[in-house]
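In: structure of the sequence below:
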Amino acid sequence: MRTTCLLLIVVVAMLMLTPAASAQLIGVQFAPTGSPALLPGQVAGVVPQDNYNAIVPSSTGVSLEGISSPLADSTGTPTGITLTYQASSAAESNTSTATANGILLHNELQANGFGFAFNNVPAGSYDLIVYLENNSPNVNVGVSATVGVGPQVVSYYMIEEDAAAGATPPFVEADSTTSPVTGNYVEFDNVTPTISLGEGFLQVNVTDSPDQLCSVNGFQLESVPEPACILLLVAGGVLLRSRKSEKN
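Out: You can find the predicted model right below:
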């Protein structure tokens, strides 16, 4: 009984001192006018989710650029996070439009180099996935994220996948930090936003050689539960086991 009471006091104290936090998942797909877009109810992605934000790029006549409206999470709930993007053109890859994952990888923003930024990102840790399926073969790119204090730059090198016509390719992670490997996404794990003027940013840059057009299809941004929240779950489990033992 004494152990149970002590554990209960610890859990309650941690609940009072720890701000409420839950995992949040945001999906983004670029959907130029006339291109297929994921609809509510269609689940896609390395981390399967519903309710992708379909961004229709704004054209300046010279480039496609803009800032999205506030992005919704996988439950359809609006967040304060927005996405800044800029590209030279839009295209479509060879992937199937008959499957949700094929649609996610189908639309491309293209440029000789990209700069994207997630704005108004709350403090915390995140996993960031960037999708890069191309309609041309052998496009070598570097994908980097500017994150955290400093800030720090984390980079991966890849050859963007060029799927066969009508295929729904499996997700293949390009996780090399040295020489390019073929894949259709990169993932930055446990990154934290860079804070500037009190606002959190996660910046992604994609670069290639001058004679090639690299492609970006979309993103997934998932918050990582805080260690204190995980500890609360563990403590709760111990408490339940302790209570069962005392009853027996």
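In: isn't residue 162 right next to residue 169, touching?
Out: No: using Cβ atoms under 8 Å, residue 162 makes no contact with residue 169, being 9.6 Å away. The C-beta positions use only the backbone N, C-alpha and C, and glycine is treated the same way.
In: after the worst-scoring helix or strand of the chain on mean pLDDT, which helix or strand is next?
Out: Within the chain, no helix or strand scores below helix 2-17, which has a mean of 46 by mean pLDDT, DSSP states H and E. Heading C-terminal from helix 2-17, the first helix or strand you meet, by DSSP states H and E, is strand 25-30.
In: paired strands for the following helix or strand past that next one, with orientation please.
Out: Once the chain leaves strand 25-30, the next helix or strand it forms, by DSSP H and E, is strand 53-55. The strands beside strand 53-55 in its sheet (DSSP bridges) come out as strand 25-30 (parallel).
In: thinking again about what came up before, between residue 162 and residue 169, which contacts overlap?
Out: Counting by Cβ atoms under 8 Å, 6 or more residues apart in numbering, the contacts common to residue 162 and residue 169 are residue 133.
In: so for stretch 167-176, mean pLDDT?
Out: Per-residue pLDDT over stretch 167-176 has a mean of 96.
In: ok, stretch 204-213 next?
Out: 86.
In: cool, and stretch 181-197?
Out: 94.
In: then that stretch to PDB, C-alphas only?
Out: C-alpha atoms of stretch 181-197 as PDB (Å, rounded to 0.1, in the frame of the first residue of the first chain):
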ATOM      1  CA  VAL A 181      21.900   6.000 -52.700                       C
ATOM      2  CA  THR A 182      18.600   5.500 -54.600                       C
ATOM      3  CA  GLY A 183      15.400   6.200 -52.700                       C
ATOM      4  CA  ASN A 184      12.200   8.200 -52.700                       C
ATOM      5  CA  TYR A 185      12.300   9.800 -49.200                       C
ATOM      6  CA  VAL A 186      14.700  11.000 -46.500                       C
ATOM      7  CA  GLU A 187      13.900  11.200 -42.800                       C
ATOM      8  CA  PHE A 188      15.300  13.600 -40.200                       C
ATOM      9  CA  ASP A 189      14.700  12.200 -36.700                       C
ATOM     10  CA  ASN A 190      14.400  14.000 -33.400                       C
ATOM     11  CA  VAL A 191      15.100  17.500 -34.900                       C
ATOM     12  CA  THR A 192      14.100  20.700 -33.000                       C
ATOM     13  CA  PRO A 193      13.000  24.000 -34.600                       C
ATOM     14  CA  THR A 194      15.400  26.900 -34.900                       C
ATOM     15  CA  ILE A 195      14.000  29.800 -32.900                       C
ATOM     16  CA  SER A 196      14.200  33.300 -34.400                       C
ATOM     17  CA  LEU A 197      12.400  36.300 -33.000                       C
END
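In: for it, which positions count as buried?
Out: By neighbour count with 16 or more other Cβ atoms under 10 Å, stretch 181-197 contains the buried residues 183-188, 191-194.
In: now flag whichever of these is closest to residue 35.
Out: residue 184 (17.7 Å; Cβ to Cβ).
In: nearest residue to that closest one in space, please, no chain neighbours.
Out: Take residue 184 and drop its neighbours on the chain: the residue closest to it by Cβ to Cβ, 6 or more residues apart in numbering is residue 161, 4.2 Å away.
In: cool, and residue 75?
Out: Closest to residue 75 by Cβ to Cβ, 6+ apart is residue 51, at 6.7 Å.
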